[in-house]
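Engineer: Make a model of this:
(2 chains)
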Amino acid sequence: MSTAALASDMRTLKVKIKRYNPELDEAPHWEEYTTEADPLDRVLDVIQKVKWYQDETLALRRSCAHGVCGSDAMRINGVNALACKILVRNVKGDTLTLEPILGLPVIKDLIVDMKPFFDHYKSVMPFLINDEPAPTTERLQSPADRARFDETTKCILCACCTTACPPFWSDNKYVGPAAIVNAHRFIFDSRDRGAQERLDILNDAEGVWRCRTVFNCTSACPRDIKVTQAISEVKRALLGGSIEMDRDPLQIIEA
Amino acid sequence: MSTSTSRPPQVYRRGTWARITEGLRYGGGIGQWSWLLHRVTGLGILVFLIIHIIDTFLVVAYPELYDHTVAIYGGSITGLPTSWSMNGYYWPLRWAFRIGELGLIACVLFHSLNGVRVVMVDFWPRASLHQRVMFNWVLGIFVAIMIPVSIWVLLPLRHAPEMHSRVITSASM
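Structural biologist: As a prediction, this is how the structure comes out:
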């Protein structure tokens, strides 16, 4: 491809960023930048172009830049996403609106304080609990048992889901979708013995029952985890009193 | 670099208003708007229940006042200039309450239909895969019921009610 053909594909984007300087500002304000962008650039590339060539004071988190570390979660054109997983060609219109994720305190510009998020994550004990003597080899598991919680192993703790959740915006004590997803990952693991403890934690007004099935978490998840369904499975396990009865109401009728 | 204009770093915590406005700007899908509508219709029903409890309370406590209240719902009110009315009948009053009733029916109908959808998603995990289709069903049934009901509720507004003078006399007795 010639350079001329490449140049013609370039788009001029107006980049609107919600800025907050903790040393000077009382509240965030909007700032606008204009930059050229290739359709195959990621939103993260556009932000870095602004930071490197126009305003070095712009603050954001990013690490791997390939959708694995989950540190560049932000609100892009009104919807939570990872800046490194959205291409410029998928941005509608000529304006790119960037804001910090909602529901967590803003430290600077696009950086939020993740501590409340990780406190909720830790509260559901997201680690293997099994006091039985460890076998000399691995703790074995059938493929079907492994598939049971496969969805929820994909979580990268980017907070896209939790900060897309209206109940979490209004109530910071709610554990939030991400914590429930990570509880689900161990509750339905056949090698784990801590399901009852985790279910007791989540069987609370600030646990799974704060979920209002808004589905913002499911559409925000950059890993395509069906978050609302996972939460629903935990609710079902609580209602049925067993982690075996979450799949189908017909099974319960037969039982 | 001078730091005289700066102050110790702090974090920005959004207030209630900021959370509401920023939340409403969130580009959520059907789930978000059906959730919001569910909340708003729930509040609508609550407002009706408060009014309803007050007016039925009057039946026992002050029967004359209750008759008068029902007359107001029908468009009759005393104390307003007679030049505004047709024989004591104030049509904007009756229209307001009729349309309010229709709004109440809409609130109850949407809230109950969507409530069934929410219950299904809550208690049957696989229903969450079909939540959009289920919302289309909610909308379809809502419209199918609201069309005949709207006609039935609004048609009587074409004429002044026959019975308003009787209500007035019973209220003034």
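
Engineer: Need the nearest residue in space to the residue in the stretch 101-250 of chain A that chain B sits nearest to, chain neighbours excluded.
Structural biologist: Across the stretch 101-250 of chain A, the shortest distance to chain B (CB to the nearest CB) belongs to residue A:215, at 2.9 Å. For the C-beta atoms, the positions are set from N, CA and C on the backbone; glycine is no exception. Leaving out its chain neighbours, the residue that sits closest to residue A:215 by CB to CB, 6 or more residues apart in numbering or on different chains is residue B:31, at 2.9 Å.

Engineer: where do the helices sit along the chain?
Structural biologist: Went with chain A since none was named. A:3-9, A:43-53, A:115-123, A:143-148, A:166-170, A:176-187, A:195-202, A:216-220, A:227-240, A:249-254 (DSSP state H).

Engineer: The chain in question should be chain B.
Structural biologist: B:16-24, B:30-61, B:63-73, B:91-123, B:131-154, B:164-172.

Engineer: Which elements pack onto the fourth one?
Structural biologist: Packing partners of helix B:91-123 (3 or more CB pairs under 8 Å, 6 or more residues apart in numbering or on different chains; DSSP states H and E): helix A:227-240, helix B:30-61, helix B:63-73, helix B:131-154.

Engineer: The third one relative to helix B:30-61, how many degrees between them?
Structural biologist: Here helix B:63-73 runs at an angle of 140 degrees relative to helix B:30-61 (axes from the mean of the first three to the mean of the last three CA atoms, to 10 degrees).

Engineer: For the stretch 51-200 of chain A, what lies in contact range of chain B?
Structural biologist: Selection of the stretch 51-200 of chain A residues close to chain B by CB under 8 Å from any CB of the partner chain yields A:75, A:77-79, A:99, A:102-103, A:105-107, A:113, A:164, A:166, A:169-170.

Engineer: Filter those residues down to the buried ones.
Structural biologist: A:75, A:77, A:79, A:99, A:102-103, A:105-107, A:164, A:166, A:169 (16 or more other CB atoms under 10 Å in any protein chain shown).

Engineer: circling back to that earlier point, which one among the residues of the stretch 51-200 of chain A next to chain B gets closest to residue B:140?
Structural biologist: Distance to residue B:140, by CB to CB, is smallest for residue A:166 among these, at 25.4 Å.

Engineer: Phi and psi next, for the residue of the stretch 101-250 of chain A closest to chain B.
Structural biologist: phi 70, psi 0 (degrees, to the nearest 10).

Engineer: List the contacts of it.
Structural biologist: Contact analysis of residue A:215 by CB atoms under 8 Å, 6 or more residues apart in numbering or on different chains lists A:228, B:28-32, B:128, B:131.

Engineer: swap in residue A:169?
Structural biologist: A:102-103, A:163, B:19, B:22-23 are the contacts of residue A:169 under CB under 8 Å, 6+ apart.
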